[in-house]
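Trainee: just the structure for this:
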Amino acid sequence: MASLRTSSGIDSRFAAYVDRLGPVLGHADRSAPFRAYCTGLILPGERKSVEPMAARVAPGRVGAAHQSLHHFVAKAAWDDAVVLGAVCALVLPALLERGPVRAWIIDDTGMPKKGRHSVGVARQYCGQSGKQDNCQVAVSLSIATDHASLPIAFRLYLPDVWA
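Mentor: Numbering: from 1, shown residues only. Next up, the predicted model:
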């Protein structure tokens, strides 16, 4: 699998983090595709759909990696709220070591999309591009300290054409 290519220990910290989240995915067979998916999201590359991500995380076995990632994203039944809860349980203690919660933040996030097949994609206002664009929009609730923030709830907004 592709490395995050750092010398500062980020690879090992990332691996430990993903390993701690794996058990909440409901089945042990989901841990490896979960690691590959998270790695693909972090690695450089404009497109974050499974095919280009498979080429980045496993250049020597793109077909198998694509199938594995696609199954993980499209077919495997796992509860995103449970995963987000596990993330909060892992991250919140470290966040609070640096100071108390100072704010609750409700925010929308526009994610530009090239295609039209991802759920919720429509031509709508996208904050990242600052204009009407083809994108998905999600609404999040985060807590923030003076040093960092942590999303604790996240929902995809469905425009009328999807609802």
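Trainee: could you point out the longest strand of this structure?
Mentor: With secondary structure taken from DSSP state E, the chain has its longest strand at strand 131-144.
Trainee: buried ones in whichever helix or strand comes after it?
Mentor: Counting by DSSP states H and E, the next helix or strand C-terminal to strand 131-144 is strand 149-157. Judged by neighbour count (16 or more other Cβ atoms under 10 Å), strand 149-157 contains these buried residues: Ser149, Leu150, Pro151, Ile152, Tyr157. All C-beta atoms are positioned from the backbone trio N, CA, C, and that covers glycine.
Trainee: stretch 9-24 now?
Mentor: In stretch 9-24, counting by 16+ other Cβ under 10 Å, buried: Phe14, Val18, Leu21, Gly22, Val24.
Trainee: what does stretch 56-65 give?
Mentor: For stretch 56-65, the neighbour count (16+ other Cβ under 10 Å) marks Arg56, Val57, Ala58, Ala65 as buried.
Trainee: before we move on, what about stretch 20-39?
Mentor: Leu21, Gly22, Val24, Leu25, Arg30, Ser31, Pro33, Phe34, Arg35, Ala36, Tyr37, Thr39.
Trainee: tell me which of those residues fall in strands.
Mentor: Among these, none falls in strands (DSSP E).
Trainee: among those, which two are most distant?
Mentor: Checking the buried residues of stretch 20-39 against each other with Cβ to Cβ, the farthest-apart pair comes out as Val24 and Thr39, at 18.1 Å.
Trainee: Ser68 is in what secondary structure piece?
Mentor: Ser68 belongs to helix 62-70 when assigned by DSSP H and E.
Trainee: mind checking pLDDT for Trp104?
Mentor: Confidence at Trp104, expressed as pLDDT, is 97.
Trainee: next, the angle strand 131-144 makes with the helix or strand where it lies.
Mentor: Under the criterion of DSSP H and E, Trp104 resides in strand 103-112. Orientation of strand 103-112 against strand 131-144 (axes from the mean of the first three to the mean of the last three Cα atoms, to 10 degrees) gives an angle of 150 degrees.
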